[in-house]
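A.B. asks: The following comprises the amino acid sequence and a computationally predicted model.
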Amino acid sequence: MNRAKPIIHVVSAGGTIAGTGVSATEFTYESVELSAADLVAAVDGLDRDVEIRADTLFTVGSQDLGPVQWLKLAQHVQVLAARSDVDGIVVTHGTDTLEEAAFFLDLVCRTEKPVVLTGAMRPATALSADGPRNLYQAVVAASAPQLRGGGVMVVINGLLLPGWQVVKANSIALDAFRAYPGGPAGRFMGGTLILTETPRPAPLAGAFHGHLTKSADFPLVGIAYVHGGCGDAPIRVWHESKCKGLVIAAFGAGTMSQPIADAARDLAAEGCVVVVSSRVGEVAVHVESMTGRGRGGLLPSGFLNPQKSATLLGFALAGGQQAPEVGHLFDLFSAHPHGIAYEAAS
């Protein structure tokens, strides 16, 4: 449909970008003091080249968001994407769980229209607040025809990042986010988006679309973080919880002490699906690098960090998949960043 301006819908899911502090120099602030309409109104020239519509879905910091809320967000995004009078969608979201939210949306949403997440490392009242710039550039990306069919994206700190590859690598810096594996799909020069590669859908983009019509109850998936001299305590705690899935944040490329490895195999033998990731920032865990080389039902996470592994494992278990099928899903994240499409059970 030809229009004078593209129509971009901005959805606020809370976070620092909507937060305010007592002064411009204070580190502390209150999240979600501003609505979606407030955020849009604060960016001069945002509606110069596009028509903006906005609504507020959540009013909490992203530390309080999880699969229950992300399912509601995904349902909302899917409804907006189905509308003929919406050309692109921007979601403002807190940075604490931004990478998980982007991965979640990528796994369930199906649309050719650009879906772009953004956030901020500084509240709206801070000196040199980054939220307005990030929002402006996210709207530019959401209106870019070149991003149609490219999957969920994240725009932050002047970068266009594939949604499933986004990781937060710093607690407070403006350049806290990057893409791993791989690099940014584009960069901004002011309000101009310069693509450095053609955005492509993720290996499992939209594979769990059927979950949009299901309840938000995910099977319990735990994350066990190992450390030197911990024995088997991190696994034993989850053994007692009767969890259906467990992700181990192991050493290096998936190495574990013998007590941890033995306890993990025992847990897998009892029916718990165990995925081995790493506590290292740039995760790369393969069968060949794991302690035990994959024996005993332990599955490598590939390039997925523990939190993303838990998200994917939760979807797989909710779909009734068993360890061999789950292993195949994670295998798709062990090869080139742009894997093949896969239709998962929904």
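C.D. replies: Received it, and whenever you're ready, just let me know what you need.

A.B. asks: just the helices in the stretch 201-346 of the chain please.
C.D. replies: Assigned by DSSP state H, counting those that start in this stretch, the helices in the stretch 201-346 of the chain fall at 233-241, 258-269, 306-318, 323-331.

A.B. asks: what packs against the third one?
C.D. replies: For helix 306-318, the elements it packs on are helix 98-108, strand 221-225, strand 245-250, strand 273-278, helix 323-331, judged by 3 or more Cβ pairs under 8 Å, 6 or more residues apart in numbering; DSSP states H and E. (C-beta placed from N, C-alpha, C; glycine too.)

A.B. asks: now these as JSON lines including distance to Ile156?
C.D. replies: Below are the helices and strands packed on helix 306-318 laid out as JSON lines (distance: least, Cβ to Cβ, whole Å):
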{"stretch": "helix 98-108", "distance to Ile156": "8"}
{"stretch": "strand 221-225", "distance to Ile156": "24"}
{"stretch": "strand 245-250", "distance to Ile156": "24"}
{"stretch": "strand 273-278", "distance to Ile156": "23"}
{"stretch": "helix 323-331", "distance to Ile156": "26"}
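
A.B. asks: And the helices in the stretch 51-200 of the chain?
C.D. replies: Counting by DSSP H, counting those that start in this stretch, the helices of the stretch 51-200 of the chain are 67-81, 98-108, 131-142.

A.B. asks: Can you say which of the ones you listed is nearest to Gly302?
C.D. replies: Closest approach to Gly302 among those (Cβ to Cβ): helix 98-108, 13.2 Å.

A.B. asks: Now do the closest one and helix 67-81, the angle between them.
C.D. replies: Interaxial angle, helix 98-108 versus helix 67-81 (axes from the mean of the first three to the mean of the last three Cα atoms, to 10 degrees): 60 degrees.

A.B. asks: Show me what helix 98-108 is packed up against.
C.D. replies: helix 67-81, strand 115-118, strand 152-156, strand 166-168, helix 306-318.

A.B. asks: Dump these into CSV; add mean pLDDT as well.
C.D. replies: Shown next, in CSV, are the helices and strands packed on helix 98-108 (pLDDT from 0 to 100):
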stretch, mean pLDDT
helix 67-81, 96
strand 115-118, 98
strand 152-156, 98
strand 166-168, 97
helix 306-318, 96
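
A.B. asks: For Arg200, which of the ones you listed is the nearest?
C.D. replies: strand 152-156 (11.1 Å).

A.B. asks: so what strands line up beside that closest one?
C.D. replies: Partner strands and pairing direction for strand 152-156 (DSSP bridges) are strand 115-118 (parallel), strand 159-162 (antiparallel).

A.B. asks: how distant is stretch 125-143 from the center of its chain?
C.D. replies: 19 Å (Cα atoms, centre = their mean, to the nearest Å).

A.B. asks: Mind listing what's buried along it?
C.D. replies: 125-126, 129-143 (16 or more other Cβ atoms under 10 Å).

A.B. asks: and what of stretch 148-156?
C.D. replies: Buried-residue list, stretch 148-156, by 16+ other Cβ under 10 Å: 150-156.

A.B. asks: just how off-centre is that stretch within its chain?
C.D. replies: Relative to the centre of its chain, stretch 148-156 is centred 12 Å away, using Cα atoms, centre = their mean.

A.B. asks: nearest residue to Ile156 other than its sequence neighbours?
C.D. replies: Spatially, and ignoring its direct neighbours in sequence, Ile156 is nearest to Phe177 (5.0 Å; Cβ to Cβ, 6 or more residues apart in numbering).

A.B. asks: how much space between the one you found and Thr95?
C.D. replies: 7 Å (Cβ to Cβ, to the nearest Å).

A.B. asks: Next up, the contacts around Asp86.
C.D. replies: Heads up, residue 86 is Val, not Asp. 7-9, 53, 80, 113 (Cβ atoms under 8 Å, 6 or more residues apart in numbering).

A.B. asks: Report the residue ranges of every domain in this structure.
C.D. replies: The record assigns the chain these domain ranges, following automatic domain parsing: 7-195, 218-331.

A.B. asks: start to end distance for the last one?
C.D. replies: With Cα to Cα, to the nearest Å as the measure, the ends of domain 218-331 fall 22 Å from one another.

A.B. asks: Tell me how far it lies from the chain's centre.
C.D. replies: 19 Å.
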